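Novice: coordinates only, no sequence provided:
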């Protein structure tokens, strides 16, 4: 009886495992779960039917061998336990990046038209394995794959993440790790923001001072934007740059993982690091320093601002275009992709307005407004890029002053620029602040270090990149942008990336009609566990209460909500610590007068799950606009 009972229990476990929901991110186009399991053992083999499948097979073996301790060596063939097959006759619905994955108790077969599809099928396979597959060391697990039939292909061709390495330099190995992470989520583009006011990060051999001077700044601590100005003669130990050999190595690494790297050289504004090296390229020609995070601009709202320090190239100086020709000659030779991003955003034109050379150029061009000089400048830049065989890509400000029909626009100031560009016939990459800015806080500023805006994971997930009334053919896709003013290292970059990076991966890959936030939450929570095993940092702000206030006459009203289902919100205003026996929030509350402090915590299934949020009356009034 004892043996029989054990057999029944084992059978029950097997059936339960076979029926465990499959939690993939991004969600495939079609997933049908079957009965049964495939067990990966030491005797497993990986085979590929064409030489072009070797890279995907080798990378898959590396992903499997480390945590399992196996020594699977891929080879050519058609009978592998895990078989990677490139179609002899292309399957039209799969395109260049799609795949099918068929897992049975006998093995796994991944088919695709192109190597990219094999790579993405392999990433899905690793998500089908237990979470321990992400371990950095050998670990014990029941290495099983549920029987499934998957057909999958992306909705958009451009699925990107922008990594800003100017504000803080990310070493070569960190960039590779970042590429690994986004490739596993089926992102195919890394927009590499290489230059800005805070550091020039790419070696230009014909202009050595760009890195000997422009890549380094004074050491400063504290909140970025509030730091002390550099002192005359102060050492500049903080920074770094990528040699051209580094760049080639990173590009090869990315190519193996189906990631295209698009470099950005941000001009004509955001050029303080370049001007620190070559001040003669500015209007005033005054020496400037690579900025360490000081408050160098006054912002007035609605995107208007005034620079306190010159950070703009002089559009009337022919030496500027000679400089840019040298820069783009070397950048174009390094990066094989068709695009170079030339920035164009937040260009302050006050120094242009006071410069005799700029005034003479305006007269020559019959330009009445100094703002139109940027159109002239970007037109010159586009011709330089075209001479190198590259397409011009820039932020949506490049629409100001006119650009050629061949320019591609990256819409960041909301969706308005993308709509305007698409109506004009430009290709567009949608990356609006309102949905895709990954440097914004994921939760409450009272919990995380304060940043000027908040963007919740649910908001990112609900993003629709094709605006109403726009021909989808002009929307190449979208990307998340990770600006790093407040992100000094890879560990914190991960914290800011996830889970929003998971949400956007699904926005850009999965069918629009498949979008379902409650379902995504279940898969997201599975990936929290997987990320923990893989030692990938992530925020859990989705478990926190959303605290808002408003005024009803002279009364302060409290409005709270949960971002995910089944959260219970408890709060106190009597200087006690809240728990599940405190007042439960069910509807808007009129807060009493007096020096109260609100404390809020969330529970789920009787257990605390969110951060404690503490807000003074002044903070609550501020949220109500008072």
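Specialist: It's in. Because the structure is a prediction, the values reported are computed rather than measured. Numbering: from 1, shown residues only.
Novice: which residues does residue 121 contact?
Specialist: For residue 121, the contact set (CB atoms under 8 Å, 6 or more residues apart in numbering) comprises 84, 99, 100, 101, 110, 111, 112, 150, 152. Heads up, the C-betas are built off the backbone N, CA and C, glycines and all.
Novice: could you rerun that using 6 Å?
Specialist: Residues in contact with residue 121 (CB atoms under 6 Å, 6 or more residues apart in numbering) are 99, 101, 110.
Novice: from residue 394, how far off is it?
Specialist: Look at residue 121 and residue 394: by CB to CB, to the nearest Å, they are 35 Å apart.
Novice: likewise for residue 122?
Specialist: 35 Å.
Novice: again with residue 494
Specialist: Taken as CB to CB, the span from residue 494 to residue 394 is 28 Å.
Novice: neighbour count for the two, which is higher?
Specialist: residue 394 (24 against 20; other CB atoms under 10 Å).
Novice: my read is the more buried one is in a strand, agree?
Specialist: Yes. Under DSSP: H, G, I helix; E, B strand; the rest coil, residue 394 falls within a strand.
Novice: run through the residues that contact the closest residue to it other than its chain neighbours.
Specialist: Nearest non-adjacent residue to residue 394, counting by CB to CB, 6 or more residues apart in numbering: residue 344, 3.9 Å away. Residue 344 makes contact with 378, 394, 395, 397, 398, according to CB under 6 Å, 6+ apart.
Novice: highest neighbour count among the residues you listed?
Specialist: Neighbour max across the contacts of residue 344 (other CB under 10 Å) = residue 398, 30 neighbours.
Novice: residue contacts, that one?
Specialist: Shown in contact with residue 398 (CB under 6 Å, 6+ apart): 344, 378.
Novice: buried sites along the host helix or strand of residue 360?
Specialist: For residue 360, the host element (DSSP states H and E) is helix 356-365. Across helix 356-365, burial judged by 16 or more other CB atoms under 10 Å covers 358, 359, 361, 362.
Novice: repeat that for stretch 193-212.
Specialist: 193-204, 207, 210-211.
Novice: in helices, which of those residues fall?
Specialist: If you go by DSSP state H, the buried residues of stretch 193-212 have 210, 211 in helices.
Novice: what about residue 400, distance to residue 370?
Specialist: Using CB to CB, residue 400 is found at 12 Å from residue 370.
Novice: skip the chain neighbours and tell me the closest residue to residue 497.
Specialist: residue 438 (5.8 Å).
Novice: ok, the one you found - contacts?
Specialist: Residue 438 touches 480, 482, 496, 497, 500, counting by CB under 6 Å, 6+ apart.
Novice: mind putting the residues you listed into CSV with pLDDT and distance to residue 270?
Specialist: As requested, the contacts of residue 438 are arranged in CSV below (pLDDT from 0 to 100; distance: CB to CB, whole Å):
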residue, pLDDT, distance to residue 270
480, 98, 20
482, 98, 16
496, 98, 21
497, 98, 23
500, 98, 24
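Novice: let's have those in a markdown table, adding distance to residue 445.
Specialist: As requested, the contacts of residue 438 are exported to a markdown table (distance: CB to CB, whole Å):
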| residue | distance to residue 445 |
| --- | --- |
| 480 | 20 |
| 482 | 19 |
| 496 | 14 |
| 497 | 19 |
| 500 | 16 |
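Novice: just among those, which is most surrounded?
Specialist: Within those, residue 480 tops the neighbour count with 30 neighbours, counted by other CB under 10 Å.
Novice: just say helix, strand or coil for residue 262.
Specialist: Classification of residue 262 using three-state DSSP returns strand.
Novice: hang on, isn't it packed against residue 193?
Specialist: No. The criterion here is CB atoms under 6 Å, and residue 262 misses it with residue 193 at 9.8 Å.
Novice: low pLDDT regions in the stretch 101-250 of the chain?
Specialist: Along the stretch 101-250 of the chain, segments meeting pLDDT under 70 are nowhere present.
Novice: would you map the strands across it?
Specialist: Along the stretch 101-250 of the chain, counting by DSSP state E, counting those that start in this stretch, strands occupy 108-112, 144-152, 158-164, 189-193, 195-196, 199-200, 216-217, 238-239.
Novice: most packed of these?
Specialist: Counting by mean count of other CB atoms under 10 Å, strand 199-200 has the highest mean neighbour count of the strands of the stretch 101-250 of the chain, with a mean of 30.
Novice: quick check: mean pLDDT of stretch 83-94?
Specialist: Mean per-residue pLDDT for stretch 83-94: 98.
Novice: and for stretch 341-352?
Specialist: Taken as a whole, stretch 341-352 has a mean pLDDT of 96.
Novice: end-to-end on it?
Specialist: Distance between the two ends of stretch 341-352: 23 Å, counting by CA to CA, to the nearest Å.
Novice: and for stretch 296-306?
Specialist: Start and end residues of stretch 296-306 are separated by 9 Å (CA to CA).
Novice: pull the residues that contact that stretch.
Specialist: Outside stretch 296-306, the residues within contact range by CB under 6 Å, 6+ apart are 307, 308, 309.
Novice: tell me the buried residues in that stretch?
Specialist: By neighbour count with 16+ other CB under 10 Å, stretch 296-306 contains the buried residues 296, 297.
Novice: same question, stretch 20-34
Specialist: Using 16+ other CB under 10 Å as the test for burial, stretch 20-34 gives 22, 23, 24, 25, 26, 27, 28, 29, 31, 33.
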